[in-house]
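Trainee: need a 3D model of the sequence below.
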Amino acid sequence: MKKTLLMLMLPSYLFSQTHSVDNNVLFMSGNDVNSDIAINTFYNSIDTCDISWNIIYDSLPTNWEFSICFPDCNNIGIVSGSGLFFPNEKSYLNCHMYPNGAFGEGVVQMEIVTNNMYRDTITWYGQVKLASNTEGLNPASAYHKLIKITDVYGRDVTDYNNKLLLYIYSNGKVEKKINLK
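Mentor: Residues are numbered from 1 along each chain as shown. Model prediction:
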């Protein structure tokens, strides 16, 4: 009986949850006079977590920059890092986008690897409009090439029907679409 109980408990012990992330997909917005748009979520360690993170994808309009705050705030251009979190820590996980006076839409996607075992993907979408609301008058904003289609978690998709998809364009624009079939 003890052996059976141990066999039932062992898988849950080996694969128990070590952490959670409050939100994996985040949206932020502003206008071209904002020097910074940002939004955050939290990484919650349940057990000791040795993490590494990397920016795995970014698509930002020309002149835009970004920085990441996780576990500490990093300078613009830092695209990877690591940290050690102890049980029951709540850590700030943030992306700042700096439009530098330009409008458009952008995406930054981060992968977090915990204990060399678990992978989480966090995606930040940023949208900056012209303060004067004249975006429609700019003919350059009309041309853009489709770069990628993903689901709301940033995963590549092969089935494009009956689900919310994100169409990501070369000018940083992101459109949400559902193809009904």
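
Trainee: going forward, measure contacts and count neighbours with C-alpha atoms only.
Mentor: OK.

Trainee: all the helices of the protein, residue numbers only.
Mentor: Secondary structure of the chain by DSSP state H: the helices cover 2-14.

Trainee: beta partners of the residue nearest the centre of the chain?
Mentor: Nearest residue to the geometric centre of the chain (CA atoms, centre = their mean): Thr123, 1.5 Å. Using DSSP bridges, the bridge partners assigned to Thr123 are Val25, Gln109.

Trainee: distance of it from Asp151?
Mentor: 11 Å (CA to CA, to the nearest Å).

Trainee: same question, Val79
Mentor: 23 Å.

Trainee: and Val174, by the same measure?
Mentor: Counting by CA to CA, the gap from Val174 to Asp151 is 12 Å.

Trainee: so these two - more neighbours on which side?
Mentor: Counted by other CA atoms under 10 Å, Val174 and Asp151 do not tie: Val174 has more neighbours, with 23 against 17.

Trainee: what's the closest non-adjacent residue to that one?
Mentor: Ile168 (4.6 Å; CA to CA, 6 or more residues apart in numbering).

Trainee: and for Ile76?
Mentor: The nearest residue in space to Ile76 (CA to CA, 6+ apart) is Ser67, at 4.7 Å.
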